[in-house]
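Asks: Okay, predicted coordinates and the sequence, questions at the end:
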Amino acid sequence: MISCLRMENLTVERGGRVLFSELFARVEAGEALVVSGANGVGKSSLLRVVAGLLRPLAGEIIFDGAGDDAQRRALHLMGHQDGLKGGRTASEELQFQTAWAGALDGAALRAAERLGVARQLALEVRRLSAGQRRRLALARLIAAPRPLWLMDESLAPLDADGRALMGEVMSEHLAAGGLILAAAHDPLPVPARVLELGA
């Protein structure tokens, strides 16, 4: 379990341009932190650094309370795109995604029911609405629990009911000691501190 995520003295560049430098931030267990700022200031890059997909120019990411392989086994990264294959049925895609993430048998269906997409599981992914696809993608967070959720504009396609439902899911995750680091322009449906890049 992660007791705290620490980002210490981070400097990140992309394409030869420094996005931000000497960044210090932390997220405690049971807490959500929203990274805000204009387009291009490095919100998505920060999430990718925390996920281990980018290397910072300087500084380090520290997962207090977790082992050396925390980046591999202790987090979910949900990007602004769904990452779903349109030719598969929603059931096939959800089973693939959740099995890859280490979910137990039956967890995928329970997650689909929780997020209100169980009735769409027989449909091909390409026939789902944008909001239904996003709910299907978000089901992985429930089906294969991991303590740290990295969310990059992950709630953007959801309607008001979908955002309210995800607010309940996120509140449950935080109440269980989970952590959320989210890049977002709109407020999250849970209480959160704000880290503004480029201020």
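Replies: Nice, I can see it.

Asks: Can you give me the distance of residue 180 to residue 91?
Replies: Distance of residue 180 to residue 91, computed by CB to CB, to the nearest Å: 27 Å. The way it works is simple: take the backbone N, C-alpha and C, and place the C-beta from them, glycine included.

Asks: where does the chain dip in pLDDT?
Replies: Along the chain, the model assigns pLDDT under 70 to residues 67-72, 199.

Asks: In terms of residue numbering, what are the domains of it?
Replies: What automatic domain parsing lists as the domains of the chain is 1-74+146-199, 83-144.

Asks: mind listing the strands for the chain?
Replies: 4-14, 17-28, 32-36, 58-64, 75-78, 148-152, 179-183, 193-196 (DSSP state E).

Asks: Can you check which of those strands gets nearest to residue 128?
Replies: For residue 128, the closest of the strands of the chain is strand 75-78, at 16.7 Å, according to CB to CB.

Asks: Give the other helices and strands that that closest one contacts.
Replies: helix 43-50, helix 130-143, strand 148-152 (3 or more CB pairs under 8 Å, 6 or more residues apart in numbering; DSSP states H and E).

Asks: By residue count, which helix of this structure is the longest?
Replies: Across the chain, the longest stretch assigned as helix under DSSP state H is helix 160-175.

Asks: which of the residues in it are buried?
Replies: 162, 163, 165, 166, 169, 170, 173, 174 (16 or more other CB atoms under 10 Å).

Asks: Then stretch 79-87?
Replies: Those would be 79, 82, 84, for stretch 79-87 by 16+ other CB under 10 Å.

Asks: One more: stretch 11-22?
Replies: Buried residues in stretch 11-22 (16+ other CB under 10 Å): 12, 13, 19, 20.

Asks: And the furthest pair within those residues?
Replies: 13 and 20 (9.1 Å).

Asks: shared neighbours of the two, which are they?
Replies: Common neighbours of residue 13 and residue 20, using CB atoms under 8 Å, 6 or more residues apart in numbering, do not exist here.

Asks: returning to that earlier point: among the strands of the chain, which is nearest residue 122?
Replies: Across the strands of the chain, closest to residue 122 is strand 75-78 (CB to CB), at 24.2 Å.
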